[in-house]
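Participant: Structure for this input, please:
(chains A and B)
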Number of protein chains: 2
Amino acid sequence: MLNLRILEQQILLPGTKGLALTQPLQQQNIGEQRWNVLNADTSFPVAVLKHSALQHNLQWMKNFCETMHVVLAPHGKTTMSPQLFDLQLKNGAWGITLATVNQTLIAHRYGVKRILLANQLINRSDTQAVLALLKNDPEFDFFALTDSLEGVHRLELEVQRSGLERPLPLLVELGFPGGRTGCRSQTDALSIARAIKQSPYLTLAGIEGYEGLIVGKHREQDLIAVKSFINDLIALTQQADQEGLFGAKEILLSAGGSAYFDLVGRGFEQITQLSRPTTAILRSGCYVTHDHGFYKHLLDDMQARESAVEVDNLRPALEVWSMVQSRPEPDLAILTMGKRDASYDIDLPLPFQTHRPGSSSMPTKLPGGCKIEKMNDQHAYLRLPKDSDICQTLQVGDLVACGISHPCTTFDKWPLILVVDDRYQVESAINTFF
Amino acid sequence: MLNLRILEQQILLPGTKGLALTQPLQQQNIGEQRWNVLNADTSFPVAVLKHSALQHNLQWMKNFCETMHVVLAPHGKTTMSPQLFDLQLKNGAWGITLATVNQTLIAHRYGVKRILLANQLINRSDTQAVLALLKNDPEFDFFALTDSLEGVHRLELEVQRSGLERPLPLLVELGFPGGRTGCRSQTDALSIARAIKQSPYLTLAGIEGYEGLIVGKHREQDLIAVKSFINDLIALTQQADQEGLFGAKEILLSAGGSAYFDLVGRGFEQITQLSRPTTAILRSGCYVTHDHGFYKHLLDDMQARESAVEVDNLRPALEVWSMVQSRPEPDLAILTMGKRDASYDIDLPLPFQTHRPGSSSMPTKLPGGCKIEKMNDQHAYLRLPKDSDICQTLQVGDLVACGISHPCTTFDKWPLILVVDDRYQVESAINTFF
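Facilitator: Model (predicted):
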């Protein structure tokens, strides 16, 4: 569907992170090398995506959205990978959500034709870049958010200057006190919607909110706050429709990060008939790889409260493997992995299995209590449970697999990530653009 | 000195982070565009290097090393930028230090001919990649560390297999209890040095340690610990020399991160005459851009204790500029900058000035109390002092400049960084390879 040929045909040079190349290699020939992570054929650290888990998650979310009568515009900022965007679109995604204009330009370069910029579009230069794209490609659908009259006036001016012959579609962003962007009241949001309606250069395409930041200490309170916020979004949409402010053929209603998309789906079911067709759009980005930490816990909770979540829940697809490079103290192993290689913003990497290259068995589970206790730029400190067997057995040259918590901040550390089968045989690679 | 032409001639595509391109642009033509950050001609966020501060820092460190009779192999993992490696080598650097084999392959690609891998070299595939480089380029000097007999035996085997016709030069790494890699005792270090001496495939080139991790709560205690560790390195070097274990023409003695390189320099002055010429090598990487936080404080302290530190100390060269995209609450501004754009591992970014594009004045200093209190992947929360003037004046579309703390974790977020003059006129760009 997307134009991925240029990526398959590119020449990877020695020095490509994750690979141990001695000669240039065309990317499409990676599978032929018959590399296996467990045989230490790659460089370490190496980031891998498990093919089976990816496929499972794509199908899972497709089923989920069908059950909930919503469409998916997965947040592409998570992976920024054209190959994954392609898989998401092939699995029914309505479009791709992005966070910046440069992310938009990259996705469009590879053929994404419908983009929701889930962010304010303020800077003149960035705005001009995206308007140039819209002018040159009549098939390109692009939507942005706005939460201020200043923002509306800036956009109006730039669209006028650009000579674009179609109005720029905007979604008014509703927020909540203590939140991030977004109007703090229905009154403010409506005044912005009315200003858009007044402009020949802009059109009100929908209403948007982001509930994913509502993560406090008490899950029950979070859930109540999320439901209340979704109700506010619906009320705003209905009010704007009653005033006849929407200007496109359909009304877009969008929310849904990776934490509460079930509540968003259920909430959106409550919307009563509007004056024109309504499309409810979820924007979860993390589902595609899921994780071993932050999102695992959130999805376990979702499974407990929502019957539409399949028993076979999302699976963690992203792992970072590194090698023990030093065993300087009985309960300490230093790994070839650091802040440059794995997320450390929510949790440090989560070590879960080990393998000795050359052994024909599959990796063995690490005992409980093994923990990455610190990372430097290029090193991780793996603390072993004192006096445990693993203190005796773990050697220099052994591999350690870590799960991660929050995939976004691992993806941006890897321009190329290997796709592996369940035996860690390398099948192919995906590229990222950060 | 290095081969930078391929970088100057490369074509930058729309979507290149930091630039607001509508057309492809050859990198060497960036200066001709007459972009100015203060005029919002770039994309936001944008990372910039101040040319004058860079030049100052390069000269500063050159003077410092001359005063201390040491050479510099700056840690290239900080920037991973061939253009900055080139400037460092032109300013007298002995070689470049790196942390991984893939970093080594990249530096060699651009012409770096002497590399100190300040890390263990354990993995077979990575080792083979670097040995292939050594075989194919007789002018390439490469040194690695070792801290275990396992490591020595693995390297011996790989060098033998590779057919390399010169022994691989190694430095034995001394560590300290509670530290990272490195032998925990002189006894262990000497047994490794002896094993290297025994091997026809390896040669003992020197002794290495890394004191930069000694950052505790009490600076005075840290300084005592650093001095003691430097003395241990010297004692080990002298012992190994007395046993005739060194195998190369000169003895390398290396330590020195970016925190205490004065103490390392002063400590290395104490070494008594060895059997062959000795080169003392510092490896500071952060000096080249310095910072506004972690290293600023450390260098202020260094200036207070060491007369060789010039009155005109290192200057922060790296800044990240973003735009106010939303002013949802009176004391809150949301900036177009997040975890993808600026360091957050030691401190969050440090906002210090603001500018309204279109104004002809220079940026104005932000009042005290302005603080980035949180970052998401693509957003920063700038909290303003309650009821201050800035709450009234800061608008959507204004620019905010942030200093950073720990340059390494900002460099790895930017494949391209703009070089600007003191008026933020864009002169050129450097590339990074992570």
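Participant: For the residue nearest to residue A:13 when sequence neighbours are not counted, the count of nearby residues, please.
Facilitator: Among residues not flanking residue A:13 along the chain, residue A:24 sits closest, at 5.5 Å (Cβ to Cβ, 6 or more residues apart in numbering or on different chains). Yep, even glycine has a C-beta here, placed from its N, CA and C like the rest. Applying other Cβ atoms under 10 Å in any protein chain shown, we find 10 other residues in the vicinity of residue A:24.
Participant: Check residue A:91 too.
Facilitator: Residue A:91: 18 surrounding residues under other Cβ under 10 Å.
Participant: one step back: was I right to think the residue nearest to residue A:13 contacts residue A:10?
Facilitator: No. With contacts counted by Cβ atoms under 8 Å, residue A:24 stays clear of residue A:10, the gap being 10.1 Å.
Participant: So which residue is smack in the middle of chain A?
Facilitator: Against the mean C-alpha coordinate of chain A, by Cα atoms, centre = their mean, the closest residue is residue A:78 at 2.6 Å.
Participant: list the contacts for that one?
Facilitator: For residue A:78, the contact set (Cβ atoms under 8 Å, 6 or more residues apart in numbering or on different chains) comprises A:285-286, A:288-289, A:407-408, A:411.
Participant: Let's see which of those end up in helices.
Facilitator: Members of the contacts of residue A:78 lying in helices (criterion: DSSP state H): A:408, A:411.
Participant: What are the structural domain limits within chain A?
Facilitator: Following automatic domain parsing, one finds the domains of chain A at A:5-50+A:316-431, A:69-284.
Participant: Turn these into JSON lines, including mean pLDDT.
Facilitator: Compiled in JSON lines, the domains of chain A are given as follows (pLDDT from 0 to 100):
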{"stretch": "domain A:5-50+A:316-431", "mean pLDDT": "97"}
{"stretch": "domain A:69-284", "mean pLDDT": "96"}
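Participant: can you redo these as JSON lines with distance to residue B:207?
Facilitator: Output for the domains of chain A, formatted as JSON lines (distance: least, Cβ to Cβ, whole Å):
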{"stretch": "domain A:5-50+A:316-431", "distance to residue B:207": "16"}
{"stretch": "domain A:69-284", "distance to residue B:207": "44"}
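Participant: Can you tell me which residue of the stretch 151-300 of chain A sits closest to chain B?
Facilitator: Nearest residue of the stretch 151-300 of chain A to chain B: residue A:181, at 4.0 Å (Cβ to the nearest Cβ).
Participant: Could you pull up the contacting residues of that residue?
Facilitator: Contact analysis of residue A:181 by Cβ under 8 Å, 6+ apart lists A:119-120, A:145, A:147, A:173, A:175, B:325-326, B:328, B:334, B:379.
Participant: What segments of the stretch 251-400 of chain A are helices?
Facilitator: A:261-268, A:294-305, A:389-393 (DSSP state H, counting those that start in this stretch).
Participant: deepest of the ones you listed, which one?
Facilitator: Mean neighbour count (mean count of other Cβ atoms under 10 Å in any protein chain shown) peaks for helix A:261-268 among the helices of the stretch 251-400 of chain A, with a mean of 24.
Participant: Restricting to C-alpha, output that helix in CSV.
Facilitator: Extracted in CSV, the C-alpha atoms of helix A:261-268 (Å, rounded to 0.1, in the frame of the first residue of the first chain):
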residue,chain,number,x,y,z
PHE,A,261,-9.5,3.4,24.6
ASP,A,262,-12.2,1.0,25.8
LEU,A,263,-13.9,3.8,27.8
VAL,A,264,-13.6,6.1,24.8
GLY,A,265,-15.2,3.5,22.6
ARG,A,266,-18.0,2.9,25.1
GLY,A,267,-18.4,6.6,25.7
PHE,A,268,-18.7,7.4,22.0
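Participant: on that earlier part again, how near is the residue nearest to residue A:13 to residue A:16?
Facilitator: Look at residue A:24 and residue A:16: by Cβ to Cβ, to the nearest Å, they are 9 Å apart.
Participant: Could you do residue A:59 as well?
Facilitator: Applying Cβ to Cβ to residue A:59 and residue A:16 gives a distance of 31 Å.
Participant: neighbour count winner among these two?
Facilitator: Remark: of residue A:59 and residue A:16, residue A:16 carries more neighbours, 21 against 13, as counted by other Cβ under 10 Å.
Participant: now that one: how far from chain B?
Facilitator: 7 Å (Cβ to the nearest Cβ, to the nearest Å).
Participant: So what pairs up with the spatially closest residue to that residue that is not a sequence neighbour in the strands?
Facilitator: Among residues not flanking residue A:16 along the chain, residue A:416 sits closest, at 6.0 Å (Cβ to Cβ, 6+ apart). As for beta bridges, residue A:416 partners with residue A:431 under DSSP bridges.
Participant: was I right about residue A:295 contacting residue A:403?
Facilitator: No. Judged on Cβ under 8 Å, residue A:295 makes no contact with residue A:403 at a distance of 10.9 Å.
Participant: Not counting its neighbours along the chain, what's nearest residue A:71?
Facilitator: residue A:94 (3.8 Å).
Participant: pretty sure that neighbour belongs to a helix, no?
Facilitator: No. According to DSSP: H, G, I helix; E, B strand; the rest coil, residue A:94 belongs to no helix; its state is coil.
Participant: Count the neighbours of it for me.
Facilitator: Here the number of neighbours of residue A:94 (other Cβ under 10 Å) works out to 20.
Participant: Show me which residues of the stretch 1-150 of chain A are close to chain B?
Facilitator: A:13-17, A:19-22, A:40-44, A:77, A:99-106, A:109, A:119-120, A:122-126, A:128-129, A:132-133, A:147-148, A:150 (Cβ under 8 Å from any Cβ of the partner chain).
Participant: most remote residue from chain A's center?
Facilitator: In chain A, the residue that sits farthest from the middle, by Cα atoms, centre = their mean, is residue A:387; the gap is 40.1 Å.
Participant: now, among the contacts of residue A:181, which is nearest to residue B:356?
Facilitator: Distance to residue B:356, by Cβ to Cβ, is smallest for residue B:325 among the contacts of residue A:181, at 14.5 Å.
Participant: Would you tell me which strand is longest in chain A?
Facilitator: Assignment by DSSP state E gives strand A:318-329 as the longest strand of chain A.
Participant: and that one, which strands flank it?
Facilitator: According to DSSP bridges, strand A:318-329 forms sheet pairs with strand A:46-50 (antiparallel), strand A:332-335 (antiparallel), strand A:399-403 (antiparallel).
Participant: what about the second one, distance to the chain center?
Facilitator: If I follow you right, that is strand A:332-335. On the basis of Cα atoms, centre = their mean, to the nearest Å, strand A:332-335 sits 30 Å off its chain's mean C-alpha point.
Participant: any residues touching it, and which ones?
Facilitator: A:45, A:322-328, A:372, A:379-384, A:394, A:400, B:180-181.
Participant: Which positions in the stretch 251-400 of chain A make contact with chain B?
Facilitator: By Cβ under 8 Å from any Cβ, the residues of the stretch 251-400 of chain A that approach chain B are A:323-329, A:334, A:336, A:339-340, A:344-345, A:357, A:376-379, A:381, A:395-397.
Participant: Now with 7 Å, please.
Facilitator: Contacts of the stretch 251-400 of chain A with chain B, taken as Cβ under 7 Å from any Cβ of the partner chain, map to A:323, A:325-329, A:334, A:339-340, A:344-345, A:377-379, A:395-397.
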